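Colleague: Below is the sequence, then the predicted model.
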Amino acid sequence: MHFLAIFPALWVIIQVVLSSQTLVVPNTIRYGPSVTQFVSDDSGLDSPKVHPNNATNFDWWYFDAVSEDSSSSIVIVFYLATNLGFPFRLPLSAVSVDIFVSFDDGSLLFYPINSLPFTAGEATVVTDGNGSSGSWKSTGFEFTGTSDLSRYIVKIDSPILGIKGSLVLTSAAPAHYPCGPVEAGSRLEVSPHIGWANAMPDANAVADFRIGSRHLQFNGSGYHDKNWGDQPFANNVKSWYWGHGRLGPYSIVWFDVIAPNGTEYVSSYASLNGSIVAASCSGIKVRPTGKNSQFPPVVSSGNPQGFHIELNLGNEGIMEIDVNSTLVIADVVLYTRWIGTLSGGIRGGPLYEGFALYEQFKLAAF
């Protein structure tokens, strides 16, 4: 762990090289105004959305994969955020990464890593078309994406952590924004002050890592998105359910956020055979089930046993899905992430089985 003195960030550099845009962010904590993007452009879906980053905003790139038998998983997150902007970060840093691993024997690993201070720990993000590539300089973590969002590779080479390997994601479902497909002029807020862009709602994943003396290797389903905000995360979220999975031939993504004033915001997505059949900021209901099914959840709520989802597919009908948790892969009271199974289908139609990775934030005391 490296500690960072607070120092004005005079080093944020943006330079345009041909069609690419490069953002270099040193690991310094900055106080001052910034500009945040909440309406889409013609390109840049996976680009940085906050310029410049400061102590109270946040911007991150998230990747995950689950094995076909739901026994193993990996989650890797690249952050431009302090613990004031996103309270789940280590203090005294504005550039950091997380890695979460679940092995097929049920054992778990979690490393939160701060970058080195100042330019030694800078992050570089290059935007090309709708894709992006990033290198968090001192951590040994990097990702590379294609301009058309068809492929991402996340690589780790960290002798200190004893981790080396790669996660390769090949797109299996079209990208989308909170309220629809990828189009210029689209709203990017999934809820007030919280941006979201889903570059890979589903992907064919190949994970191959050496982690200490262990080998994590599997094929399965992968995912990549990004979130950002212009205010502290905890100021704008009372609770949040998010998840993605495969149900038979369908790829699905759900989002359900309760704002501090009690207003509920949702986003729904489903694709079939590489085509979007639902993408909207309406048409979905996500509720906890079984033990500890209080809604909305509060800090004192226990973890629910699962979730029930009703997803409107328009002319196709209403899809009903039961999500049953099989393994908790992260749990820190205010936040929980699971691997689980999916079962369900369109009312009156065939039933399918599948698997998912999903999470819950609960930030309100009552």
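Modeller: Sure thing, it's come through.
Colleague: what are the ranges of the strands in the stretch 251-366 of the chain?
Modeller: With strands called from DSSP state E, counting those that start in this stretch, the stretch 251-366 of the chain shows them at 264-272, 275-280, 284-289, 306-312, 318-331, 335-346, 352-362.
Colleague: Mind putting those strands into TSV with mean pLDDT and distance to F63?
Modeller: Placement of C-beta: from N, CA and C, glycine included. As requested, these are arranged in TSV below (pLDDT from 0 to 100; distance: least, C-beta to C-beta, whole Å):
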stretch	mean pLDDT	distance to F63
strand 264-272	98	17
strand 275-280	98	21
strand 284-289	98	23
strand 306-312	98	23
strand 318-331	97	14
strand 335-346	98	14
strand 352-362	98	11
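Colleague: Dump the ones you listed into TSV; add distance to D98 and mean neighbour count as well.
Modeller: Formatted as TSV, the strands of the stretch 251-366 of the chain follow (distance: least, C-beta to C-beta, whole Å; neighbours: other C-beta atoms under 10 Å):
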stretch	distance to D98	mean neighbour count
strand 264-272	23	22
strand 275-280	28	18
strand 284-289	24	19
strand 306-312	24	21
strand 318-331	9	18
strand 335-346	11	20
strand 352-362	13	21
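Colleague: Any chance of those in TSV with distance to P112 as columns?
Modeller: Formatted as TSV, the entries for the strands of the stretch 251-366 of the chain read as follows, by distance: least, C-beta to C-beta, whole Å:
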stretch	distance to P112
strand 264-272	27
strand 275-280	33
strand 284-289	27
strand 306-312	27
strand 318-331	11
strand 335-346	13
strand 352-362	16
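Colleague: For S40, find the nearest of those.
Modeller: Each of the strands of the stretch 251-366 of the chain has some distance to S40 by C-beta to C-beta; the shortest is strand 275-280, at 13.3 Å.
Colleague: Show me the one of the strands of the stretch 251-366 of the chain that comes nearest S166.
Modeller: In this view, the strands of the stretch 251-366 of the chain are compared for proximity to S166 by C-beta to C-beta, and strand 352-362 is the closest at 19.0 Å.
Colleague: Name every sheet partner of that closest one and say whether each one runs parallel or antiparallel.
Modeller: The strands that strand 352-362 pairs with in its sheet are strand 239-247 (antiparallel), strand 335-346 (antiparallel) (by DSSP bridges).
Colleague: Could you check the angle the first one makes with strand 284-289?
Modeller: Just to be clear, that refers to strand 239-247. On the basis of axes from the mean of the first three to the mean of the last three C-alpha atoms, to 10 degrees, strand 239-247 is oriented at 100 degrees to strand 284-289.
Colleague: got the contact list for strand 239-247?
Modeller: By C-beta atoms under 8 Å, 6 or more residues apart in numbering, the residues outside strand 239-247 that reach it are 201-202, 221, 223, 251-258, 286, 288, 296-298, 307, 319, 321, 323, 342-345, 352-364.
Colleague: can you do 6 Å?
Modeller: 221, 223, 252-258, 286, 296-297, 342, 352, 354-356, 358-362 (C-beta atoms under 6 Å, 6 or more residues apart in numbering).
Colleague: Equivalent analysis for the longest one, please.
Modeller: If you take C-beta under 6 Å, 6+ apart as the criterion, strand 335-346 is touched by 66, 70, 73, 245, 247, 303, 317, 319-330, 351-361.
Colleague: Convert stretch 174-193 to CSV, retaining C-alpha atoms only.
Modeller: Output for stretch 174-193, consisting of C-alpha atoms alone and laid out as CSV, is shown next (Å, rounded to 0.1, in the frame of the first residue of the first chain):
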residue,chain,number,x,y,z
PRO,A,174,-24.6,-5.3,-28.5
ALA,A,175,-23.6,-2.3,-26.3
HIS,A,176,-26.2,0.0,-24.9
TYR,A,177,-26.8,3.1,-22.8
PRO,A,178,-29.3,3.3,-19.8
CYS,A,179,-32.3,4.1,-21.9
GLY,A,180,-31.6,2.5,-25.3
PRO,A,181,-29.1,1.4,-27.9
VAL,A,182,-25.9,3.3,-28.6
GLU,A,183,-26.9,6.6,-30.3
ALA,A,184,-25.6,10.1,-30.1
GLY,A,185,-27.6,12.4,-27.8
SER,A,186,-28.6,9.6,-25.5
ARG,A,187,-29.1,10.1,-21.8
LEU,A,188,-26.2,8.6,-19.8
GLU,A,189,-27.6,8.9,-16.3
VAL,A,190,-29.0,5.6,-14.9
SER,A,191,-30.0,7.7,-11.9
PRO,A,192,-29.3,11.4,-11.0
HIS,A,193,-25.6,12.1,-11.0
